[in-house]
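K.L.:
Turn this into a model:
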Amino acid sequence: MHQISIRAYSNAADREQVVALWKAVLGYDAPHNEPGMTIDKKLEVDDGLFFVAVEDGSVIGTIMAGYDGHRGWIYSLAVSPTWRRQGIGSRLMAVAEKALIEKGAVKINLQIADGNESVAEFYKSLGFVVEKRVSMGKRIPENCGRSVASQVRREA
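P.N.:
Residues are numbered from 1 along each chain as shown. I've put the predicted structure just below:
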């Protein structure tokens, strides 16, 4: 039986593994989602809403959440493909939800890419519902780091 624990992210112990996991699972290709920069920006906020699932010293899953004073947000959830369908994603969500509720969130939101039906079904199984909304975004290149900012401008 595997001993899987979920704990707060530790930059010194987890960074390299989380970056590799996100690149493999989330396939971030937009400069504003570069894993190292995303981690650095999350750590600056220091809100205690970044967790890892660990088995025998290896990071096998992560969840990054946020709280804006009213709503909680799930920004990213990633589980290594070899560990999927073993309840790790659900456990990570439960930890993040508990932390957001403790902070006072009255609702938890998340966004998924259009066409990702399997992920939508996963979240539906946890009680999330599709809401009719138009999601809009605006990238801020000057906050993406020097090397990334020029690439963001080119893509815009």
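
K.L.:
Could you use CA atoms for every contact and neighbour count after this?
P.N.:
Fine.

K.L.:
Stretch 74-83: end-to-end distance?
P.N.:
Start-to-end span of stretch 74-83 (CA to CA, to the nearest Å) is 20 Å.

K.L.:
For that stretch, buried residues please.
P.N.:
Within stretch 74-83, the residues that count as buried by 16 or more other CA atoms under 10 Å are 74, 77-80.

K.L.:
before we move on, what about stretch 53-72?
P.N.:
So stretch 53-72, judged by 16+ other CA under 10 Å, has buried residues 53-54, 59-67, 71-72.

K.L.:
want to throw those into CSV with pLDDT and distance to Ile140?
P.N.:
Below are the buried residues of stretch 53-72 laid out as CSV (pLDDT from 0 to 100; distance: CA to CA, whole Å):
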residue, pLDDT, distance to Ile140
Ala53, 97, 31
Val54, 96, 33
Val59, 96, 30
Ile60, 95, 31
Gly61, 96, 28
Thr62, 97, 25
Ile63, 97, 24
Met64, 96, 20
Ala65, 97, 20
Gly66, 95, 19
Tyr67, 96, 20
Arg71, 93, 22
Gly72, 95, 22
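
K.L.:
rewinding a little: so which of the buried residues of stretch 74-83 is the closest to Lys98?
P.N.:
Lys98 lies nearest to Ile74 out of the buried residues of stretch 74-83, by CA to CA, at 12.2 Å.

K.L.:
right, and the secondary structure at the closest one would be what?
P.N.:
strand (DSSP: H, G, I helix; E, B strand; the rest coil).

K.L.:
thought it was touching Gly66?
P.N.:
Yes. At 6.5 Å, Ile74 counts as touching Gly66 under the criterion of CA atoms under 8 Å.

K.L.:
pLDDT weak spots in this structure?
P.N.:
Counting by pLDDT under 70, the low-confidence segments of the chain come to 1, 29, 31, 145-156.

K.L.:
ok now do the residue nearest the centre of it, which residues does it touch?
P.N.:
Centrality entry for the chain: nearest residue to the mean C-alpha point is Ser76, 1.8 Å, by CA atoms, centre = their mean. Taking CA atoms under 8 Å, 6 or more residues apart in numbering, we find Ser76 in contact with 62-65.

K.L.:
Report the two of these separated the most.
P.N.:
Going by CA to CA, the pair spanning these furthest: Thr62 and Ala65, at 10.0 Å.
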